[in-house]
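# Predicted model and sequence below, questions to follow.
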Amino acid sequence: MRKILVVEADSKTVSTFNKMLKGWGIAFEKEIVNKVDLTRYVDTEILSVFVFSKVSIKVIESLPNLKLIVTRSSGFDHIDIEAASKRGILVSNIPGYGSLPVAEHVFALLLAVLRKIVKADLMVRSSKWFSPLLQGSLINGKTFGIIGTGAIGERVARIAKAFGAEVIAYDVFKKTALEAEGVLRYVKLEEVLERSDIISIHVPLTRETYHMINRDSIARMKKHAVLINTSRGQVVDQEALVEALKTGKLSGAGLDVLEKEPPEPDDPILKLENVVLTPHIAWNTVEAEDYILQSTIDVIKAFANGNPLNIVNLKELEKQTLAPIISSN
C-alpha cells in the first residue's frame with residue numbers, strides 16, 4: 001500500500017482522490033505543507049502539493065521515505081529541485097491544463113485595462129453614468145508582442161491575430177509553423193520591447209528569466225504600452241513596473257501574478273488605478289481543475305507501476321550516482 005500525503009486539499013480534491021485511489025492509504029491536509037506537522041507523516045512515499053506549498057530542503061528532509069513529489073500545477077519553482085534530486089526523489093508536474101484558460105484570462109485582463117472596465121463598474125454602482133475618463137482603446141490594429149510561445153503563448157498569438165492585431169514574438173525555440181501560417185512573426189527581444197503596444201509574458205521562472213522585465217527593458221518599451229503578466233511575478237521587477245506606471249511610461253498593466261503573493265496591504269501596486277489585478281487565478285476554471293486532478297492521479301498510478309510521467313528533474317537525477325529509484329513492486 002502506497003502512503004500518500006495530499007496537502008492544500010479542498011473537498012473536491014479529497015473526494016476525487018478517495019474515489020480514484022481507493023485503498024491507497026491517503027492522508028489529506030487543508031494547509032500548505034509548510035504548516036503541516038510532518039512528524040505525523042514520516043512514512044510518506046508520495047507528496048502531492050499545489051503552488052502555495054514551498055517544498056524546501058527542510059520539508060524534504062522531514063520525509064525520509066519520500067520517493068515522488070507531484071505538484072498539481074505546470075510550474076514547479078516552489079520545489080527545491082536540487083534537494084529532491086540529491087535524495088533521488090522524482091518530481092512531476094501537470095503540464096497542458098492551463099493553455100486555454102490562461103490565454104483567455106490574458107484578454108480578460110487586457111480588455112479590462114484597455115476599456116477601463118473596473119473603473120466603469122464602480123462608477124455605475126455609485127450612480128454615475130457617462131464620463132470622458134472612461135474612453136478606451138482597441139486591440140485591433142495594435143502591435144501585440146508575445147514573450148514566450150509555448151502552448152499558452154501560441155494560443156494568445158492566435159487570439160490576438162483574431163482581434164486584428166499584428167503579432168510579433170520572441171522565443172529561444174521558434175515554432176516555424178506559426179510563421180508559415182501567418183499567425184506571428186519572430187523578432188529579437190529588443191524589437192518586441194520597442195515596437196509593441198501590448199506585451200504579454202509567457203515564460204517560466206528560471207535564473208535567466210528572473211526580472212527579465214526590469215528598468216532597462218521597460219525603458220525600451222513604447223510610451224503608453226500595456227504589460228500583461230500571467231506567468232510568474234518574479235519575471236517582472238515590480239518596483240520598476242510601479243515606477244513606470246506612476247510616471248506614465250506605461251499606460252497600464254494587467255497582472256495575475258505578483259512578486260510577493262499575496263501582497264502586503266501597503267504594497268504600492270495596490271494603489272495604482274491603471275492596474276488590474278487578479279489573485280493568480282488565470283488557470284482556475286472548472287475544466288482545468290478536473291484535468292489537474294485526473295492527471296495527478298494518472299501520474300501517481302504510473303509511478304506505482306514503474307513508469308513515471310512528467311518528470312521535470314531527469315537531468316538533475318542523471319548527475320547523481322544513485323541506485324534505481326523505481327522498483328517493480
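Yep, that arrived.
# mind listing the strands for the stretch 151-300 of the chain?
166-170, 185-186, 198-201, 225-229, 250-255, 275-277 (DSSP state E, counting those that start in this stretch).
# how about these in CSV, adding mean neighbour count?
Placement of C-beta: from N, CA and C, glycine included. Below are the strands of the stretch 151-300 of the chain laid out as CSV (neighbours: other CB atoms under 10 Å):
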stretch, mean neighbour count
strand 166-170, 22
strand 185-186, 14
strand 198-201, 26
strand 225-229, 25
strand 250-255, 23
strand 275-277, 20
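# Looking at those strands, which is nearest to Ala112?
Go through the strands of the stretch 151-300 of the chain one by one with CB to CB and the one that ends up closest to Ala112 is strand 275-277, at 4.4 Å.
# neighbouring strands for the closest one, and are they parallel or not?
strand 250-255 (parallel) (DSSP bridges).
# before we move on, back to that, please name whichever of the strands of the stretch 151-300 of the chain is nearest to Ile81.
It's strand 198-201; of the strands of the stretch 151-300 of the chain, that one is closest to Ile81 (CB to CB) at 22.2 Å.
# what residues does stretch 210-226 touch?
The contact list for stretch 210-226, computed with CB atoms under 8 Å, 6 or more residues apart in numbering, reads 110, 113-114, 147, 190, 193-199, 201, 203, 227, 229, 234-237, 240-241, 243-244, 248-254.
# What is the end-to-end distance of that stretch?
Start-to-end span of stretch 210-226 (CA to CA, to the nearest Å) is 20 Å.
# before we move on, the earlier item: can you put the strands of the stretch 151-300 of the chain in JSON lines and add mean pLDDT and distance to Ile292?
Shown next, in JSON lines, are the strands of the stretch 151-300 of the chain (pLDDT from 0 to 100; distance: least, CB to CB, whole Å):
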{"stretch": "strand 166-170", "mean pLDDT": "98", "distance to Ile292": "27"}
{"stretch": "strand 185-186", "mean pLDDT": "98", "distance to Ile292": "31"}
{"stretch": "strand 198-201", "mean pLDDT": "98", "distance to Ile292": "22"}
{"stretch": "strand 225-229", "mean pLDDT": "98", "distance to Ile292": "22"}
{"stretch": "strand 250-255", "mean pLDDT": "98", "distance to Ile292": "23"}
{"stretch": "strand 275-277", "mean pLDDT": "98", "distance to Ile292": "23"}
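# Columns distance to Val286 on top of those strands, output as a markdown table?
Shown next, in a markdown table, are the strands of the stretch 151-300 of the chain (distance: least, CB to CB, whole Å):
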| stretch | distance to Val286 |
| --- | --- |
| strand 166-170 | 29 |
| strand 185-186 | 35 |
| strand 198-201 | 24 |
| strand 225-229 | 23 |
| strand 250-255 | 22 |
| strand 275-277 | 23 |
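# For Asn313, find the nearest of the ones you listed.
strand 198-201 (24.5 Å).
# Tell me which helix or strand in the protein has the weakest average pLDDT.
Scoring the helices and strands of the chain by mean pLDDT, DSSP states H and E places helix 314-318 at the bottom, with a mean of 84.
# so where do the helices sit in the stretch 151-300 of the chain?
Under the criterion DSSP state H, counting those that start in this stretch, the stretch 151-300 of the chain contains helices at 151-162, 176-181, 189-195, 215-220, 238-247, 286-304.
# Much appreciated, bye for now.
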